[in-house]
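**Q** I would like to see how this sequence folds:
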Amino acid sequence: MIYTVTFNPSLDYIIRVNHFQTGEINKTYYENILPGGKGINVSIVLSNLGHDSTALGFMAGFTGKEIENRMNNFGCQTDFIQVKNGLSRINVKMKSDNETEINGMGPKITDENIQELFEKLDKLTKEDILVISGSIPSTLPDDIYERIMQHLQDKHIKIIVDATKNLMMNVLKYKPFLIKPNNHELGELFDVTLNTQDEVIPYALKLQEMGAQNVLISMAGQGAVFIDEQKTIHKSPAPKGTVVNSVGAGDSMVAGFISGYLNSDGDYKKAFLKGICAGSASAFSPNLCTKEEVEELLRSLNQ
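**A** Next up is the predicted model:
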């Protein structure tokens, strides 16, 4: 089974407004409500690609129940922990002359809630894949990624980490199966600017030396670079298309990689190519990618 962890899920209220003005009444001409969070995005795309997964995380109040309902509508299994205090957040994402986001706080997560999460994680075996991604709410300890990986290190679970800065750097000693920074996040880790595929390779190799088994670097329009555990370097241009919405593209890449890896019995090249096509397909669509969209880009990339 594939498991995803989203520490602070949300309902994303996506609206579009013509020429938004502060202090005035503004009317929307488009609105949509989607379950949000990096791990949740991974689970939705996995479902679209034909894979079962279980979404773990914390939820609270009527908004939490609605997140769960909408996840189920996407065909995703959920096993969220019910938090008593607060509400699962609503994030407002407004597109007008500029893009504006207002993100909610989320519920108060207690030590008891954290223990419940660890009890669920204890059921995982070496046959499972665990995806940990996204930011940490203020009510969780800063080292929650490390705690999870340390707790599970003897179970030999394939753990994928998609996070930034110290959240990623501090878990490398636990040898995650895959990490997926983008080129800007990779540059931040080493205080450099990385614009080309050749420039990211030495720093991706450094992350391997620090413990990561496989390193996948997304680079938006520049394509992607993947260095597998045998230190084989894979590079690919980005598929051709028009970017409509980049939100969730990195999460889609993670889901596509997992799908390609499982469907090919561990062929890293196929996993990499499916990952980049899934990420691009989501970027080219107003919604997260479908199986048909990914397969169409795979065909174009292989031509």
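**Q** okay, now Val244: neighbour count?
**A** Val244: 11 surrounding residues under other Cβ atoms under 10 Å. (Each C-beta comes from the backbone N, C-alpha and C, glycine too.)
**Q** residues contacting it?
**A** Contact partners of Val244, counting by Cβ atoms under 8 Å, 6 or more residues apart in numbering, are 283-286.
**Q** which SS state does it fall under?
**A** When classified by DSSP: H, G, I helix; E, B strand; the rest coil, Val244 comes out as coil.
**Q** against Pro286, how distant is it?
**A** Distance of Val244 to Pro286, computed by Cβ to Cβ, to the nearest Å: 5 Å.
**Q** surely Val131 is within a strand?
**A** Yes: counting by three-state DSSP, Val131 is part of a strand.
**Q** wait, what's in contact with it?
**A** 2-5, 39, 42, 159-160, 162, 254, 258 are the contacts of Val131 under Cβ under 8 Å, 6+ apart.
**Q** how close does Pro107 sit to Pro9?
**A** 10 Å.
**Q** joint contacts of these two?
**A** What both Pro107 and Pro9 touch, as defined by Cβ under 8 Å, 6+ apart, is the set 58-59, 64, 88.
**Q** correct me if wrong: Val5 contacts Leu56.
**A** Yes: the criterion here is Cβ atoms under 8 Å, and Val5 meets it with Leu56 at 4.9 Å.
**Q** residues near Tyr268, how many?
**A** A count of neighbours around Tyr268, defined by other Cβ under 10 Å, yields 20.
**Q** give the contact list for it.
**A** When contacts are counted by Cβ under 8 Å, 6+ apart, Tyr268 touches 214, 226, 228, 232, 234, 261.
**Q** reformat these as TSV; add distance to Gly50 and pLDDT.
**A** Output for the contacts of Tyr268, formatted as TSV (distance: Cβ to Cβ, whole Å; pLDDT from 0 to 100):
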residue	distance to Gly50	pLDDT
Asn214	23	98
Phe226	22	97
Asp228	24	96
Thr232	27	95
His234	24	96
Tyr261	14	97
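**Q** give me the nearest residue to Cys50, chain neighbours excluded.
**A** Just to correct that, residue 50 is Gly rather than Cys. By the measure of Cβ to Cβ, 6 or more residues apart in numbering, the closest residue to Gly50 outside its immediate chain neighbours is Lys291, 6.3 Å from it.
**Q** and the one you found, how far is that from Ala278?
**A** Per Cβ to Cβ, Lys291 is found 9 Å from Ala278.
**Q** of those two, who's got more company?
**A** In this view Lys291 and Ala278 are compared by other Cβ under 10 Å, and Ala278 has more residues nearby, 33 against 15.
**Q** do I have it right that the more buried one meets Leu46?
**A** No: between Ala278 and Leu46 there is no contact under Cβ under 8 Å: 9.7 Å.
**Q** overlap in contacts, these two.
**A** Common neighbours of Ala278 and Leu46 (Cβ under 8 Å, 6+ apart) are 255, 259.
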